[in-house]
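[1] sequence and predicted structure, then a few things I'm wondering about:
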Amino acid sequence: MIYLDYSATTPISEQALQIYLEVAKNYYGNPNSLHDIGGQAAQLLEGCRAKLATLIQAESRGVFFTGGGSEANELAIRSLVKGNDRKGRRLITTKVEHASVLNTFIALEEEGYEVVYAPVDEYGQVDLVQLEALLTEDTILVSICHANSEIGTIQPLEQIGELLTEKKHIIFHSDCIQSFGKIPIDVQKAKVDSISLSSHKIYGPKGVGACYISPSVSWKSVLPHISHEKGFRQGSVNLPGIAGFVTAAEETVLTLGIEKERVRRLTQQLLEGLRQLKWEIVLEGHPKTRLPHHLGLRILGMEGQYAMLECNRYGVAISTGTACLAHEKGSSETMQAIGKTDTEANEFIRLTLGKETTEEEVTQTIKTIDQICQQYFKR
């Protein structure tokens with residue numbers, strides 16, 4: 001089967017899998033244990049922390065490992081809010097965030113915080129002028145994703161970071177789960193205070209993620225008396241998963257430049273091939289400032305779910321958006337935010353390429369979509 005759903009998840013790399021198995025077998029101690037076996041595990045854990053920090057130009061003492069990207073988002077936002085709510089209770093985000101971010105803000109709003117949604121343009125990008133107008137003295141946190149998982153649009157992270165740096169009391173969190181390993185991330189250059197990452201998006205094992213919070217920023221544990229990860233989360237760390245995650249991260253970042261250009265070329269080939277067909281196929285998201293491996297499309301007049309199911313029947317795996325909302329009813333928040341009607345939103349499909357995607361698969365995908373359209377529109 002042709003797999004074109006790399007934004008949902010990726011196959012674990014062979015090297016990450018081997019490291020996972022080696023650590024599971026030989027470093028089974030709990031890093032919090034005080035005996036030598038625990039000490040060996042703790043040493044490996046800290047080595048992984050330092051390596052991951054290097055990949056994002058961060059301080060290792062600000063890296064915390066989690067049970068996944070969604071947990072990293074929730075814990076980061078809640079910990080930062082709890083640590084700074086004496087300064088204010090106004091929070092800013094957007095409607096084009098991942099569900100793990102939006103759901104956290106919905107919960108915070110129910111708890112009495114003021115949540116304001118910065119508007120985005122037709123491509124899903126934040127308007128910096130309008131964002132600045134929303135900043136007030138009691139604003140304590142802004143959370144804006146680096147890249148949207150559905151339409152692939154990249155946000156102007158550095159410009160947002162520069163804007164918020166001028167407002168020294170406002171903390172900047174960014175969900176970088178979709179961008180990590182696809183485009184460079186430098187927390188110092190972008191002036192972000194906190195980011196979230198996920199292992200299984202970059203050929204690492206599932207059930208592992210990480211959060212970085214700058215040591216210069218205040219935060220508080222979401223629950224009292226937590227001992228793991230300096231109080232950031234409950235539960236023993238998944239050391240084999242963490243080692244596999246960091247191995248995959250090193251592999252991915254090391255080859256980022258070459259792979260980015262390869263998938264960009266294949267993505268462009270796929271888009272141009274589809275546009276040459278006689279069917280009306282529209283690209284969603286920013287035409288240029290977008291993830292290199294990502295295509296968010298609409299086949300006008302065809303429901304996305306139908307296109308996805310037919311592609312699956314012909315041996316091509318695509319999606320209709322983020323996997324976290326695959327079973328939810330109604331239009332996505334992102335499509336609504338960029339001004340799409342329910343009918344337009346329901347036409348959406350997502351094709352995302354990865355390191356195992358070939359030119360032959362791209363050619364076959366174009367033929368498959370053409371065949372599906374021919375059968376559908378002749379009815």
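    Thanks, I have it.

[2] chain center to stretch 237-253: distance?
    A distance of 16 Å separates the centroid of the chain from that of stretch 237-253, by C-alpha atoms, centre = their mean, to the nearest Å.

[3] what's it in contact with?
    Applying C-beta atoms under 8 Å, 6 or more residues apart in numbering, the set of residues contacting stretch 237-253 from outside is 12-13, 15-17, 19-24, 27, 31, 41, 44-45, 48, 51-52, 55, 65, 67, 180-181, 197, 199, 202-205, 207-210, 228-229, 259. For the C-beta atoms, the positions are set from N, CA and C on the backbone; glycine is no exception.

[4] drop anything exposed from those.
    12-13, 16-17, 19-20, 23, 27, 31, 41, 44-45, 48, 51-52, 55, 65, 67, 180-181, 197, 199, 202-205, 208-210, 228-229, 259 (16 or more other C-beta atoms under 10 Å).

[5] so which of those residues are in helices?
    Using DSSP state H, the subset of the buried ones among the contacts of stretch 237-253 located in helices is 16-17, 19-20, 23, 41, 44-45, 48, 51-52, 55, 259.

[6] list the contacts of the most centrally placed residue in the chain.
    For the chain, the residue nearest the mean C-alpha position is residue 177 (2.5 Å; C-alpha atoms, centre = their mean). If you count contacts by C-beta under 8 Å, 6+ apart, residue 177 has them with 69, 72, 73, 98, 149, 196, 197, 198, 201, 209.

[7] name the helix or strand for residue 265, please.
    helix 256-275 (DSSP states H and E).

[8] now that helix: mean pLDDT?
    On average, the pLDDT along helix 256-275 is 97.

[9] which helices and strands sit right next to that helix?
    Helices and strands touching helix 256-275, by 3 or more C-beta pairs under 8 Å, 6 or more residues apart in numbering; DSSP states H and E, are strand 281-284, strand 294-299, helix 359-377.

[10] same list (these) but as a markdown table, adding mean pLDDT, distance to residue 170 and mean neighbour count.
    Listed next are the helices and strands packed on helix 256-275 as a markdown table, based on pLDDT from 0 to 100; distance: least, C-beta to C-beta, whole Å; neighbours: other C-beta atoms under 10 Å:
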| stretch | mean pLDDT | distance to residue 170 | mean neighbour count |
| --- | --- | --- | --- |
| strand 281-284 | 97 | 30 | 19 |
| strand 294-299 | 98 | 29 | 24 |
| helix 359-377 | 97 | 43 | 16 |
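
[11] mind putting the ones you listed into CSV with distance to residue 79?
    Converted to CSV, the helices and strands packed on helix 256-275 look like this (distance: least, C-beta to C-beta, whole Å):
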stretch, distance to residue 79
strand 281-284, 33
strand 294-299, 30
helix 359-377, 42
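
[12] ok, which of those comes nearest residue 216?
    Counting by C-beta to C-beta, residue 216 lies closest to strand 294-299 out of those; the figure is 33.0 Å.

[13] just checking, what packs against that closest one?
    Helices and strands touching strand 294-299, by 3+ C-beta pairs under 8 Å, 6+ apart, are helix 256-275, strand 281-284, strand 348-352.

[14] put the alpha carbons of the helix holding residue 265 into CSV.
    What follows is helix 256-275, C-alpha atoms only, in CSV (Å, rounded to 0.1, in the frame of the first residue of the first chain):
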residue,chain,number,x,y,z
LEU,A,256,16.8,17.5,7.3
GLY,A,257,18.2,19.6,4.6
ILE,A,258,18.5,16.8,2.0
GLU,A,259,15.2,15.2,2.9
LYS,A,260,13.3,18.5,2.9
GLU,A,261,14.3,19.2,-0.6
ARG,A,262,13.6,15.7,-1.8
VAL,A,263,10.0,15.6,-0.3
ARG,A,264,9.4,19.2,-1.5
ARG,A,265,10.2,18.1,-5.1
LEU,A,266,8.0,15.1,-4.8
THR,A,267,5.2,17.2,-3.3
GLN,A,268,5.4,19.7,-6.1
GLN,A,269,5.4,16.8,-8.6
LEU,A,270,2.2,15.5,-7.0
LEU,A,271,0.5,18.8,-6.9
GLU,A,272,1.4,19.7,-10.5
GLY,A,273,0.3,16.2,-11.7
LEU,A,274,-3.1,16.6,-10.0
ARG,A,275,-3.5,20.1,-11.4
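
[15] give me the contacts around it.
    With C-beta under 8 Å, 6+ apart, helix 256-275 has contacts from 181-184, 252, 281, 283, 292-295, 297, 351, 353-355, 357, 359, 362-363, 365-366, 369.

[16] again, but for stretch 37-45
    Contacts for stretch 37-45 (C-beta under 8 Å, 6+ apart): 23, 27-33, 65, 237, 239, 242-243.

[17] ok, those residues vs residue 162, which is closest?
    Nearest member of the contacts of stretch 37-45 to residue 162, counting by C-beta to C-beta, is residue 65, at 29.4 Å.

[18] is it correct that the closest one is in contact with residue 46?
    No. Using C-beta atoms under 8 Å, residue 65 is not in contact with residue 46; the gap is 10.9 Å.

[19] quick revisit: what's the farthest-apart pair in the ones in helices among the buried ones among the contacts of stretch 237-253?
    Farthest-apart pair in those is 41 and 259; separation 32.0 Å (C-beta to C-beta).

[20] for the record, mean pLDDT for stretch 209-225?
    95.

[21] for that stretch, C-alpha coordinates in PDB please.
    In PDB, the C-alpha atoms belonging to stretch 209-225 read as follows (Å, rounded to 0.1, in the frame of the first residue of the first chain):
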ATOM      1  CA  GLY A 209       7.000  13.400  23.600                       C
ATOM      2  CA  ALA A 210       8.900  16.300  25.100                       C
ATOM      3  CA  CYS A 211       8.400  19.800  26.200                       C
ATOM      4  CA  TYR A 212      11.000  22.600  26.400                       C
ATOM      5  CA  ILE A 213      10.400  25.400  28.900                       C
ATOM      6  CA  SER A 214      13.100  28.100  29.100                       C
ATOM      7  CA  PRO A 215      14.800  28.000  32.500                       C
ATOM      8  CA  SER A 216      14.200  31.800  32.700                       C
ATOM      9  CA  VAL A 217      10.400  31.300  32.700                       C
ATOM     10  CA  SER A 218       8.300  30.600  35.800                       C
ATOM     11  CA  TRP A 219       6.100  27.500  35.900                       C
ATOM     12  CA  LYS A 220       4.400  25.400  38.500                       C
ATOM     13  CA  SER A 221       3.500  21.700  38.600                       C
ATOM     14  CA  VAL A 222      -0.100  21.000  37.600                       C
ATOM     15  CA  LEU A 223      -0.400  18.700  40.600                       C
ATOM     16  CA  PRO A 224       1.300  18.800  44.000                       C
ATOM     17  CA  HIS A 225       4.100  16.500  45.200                       C
END
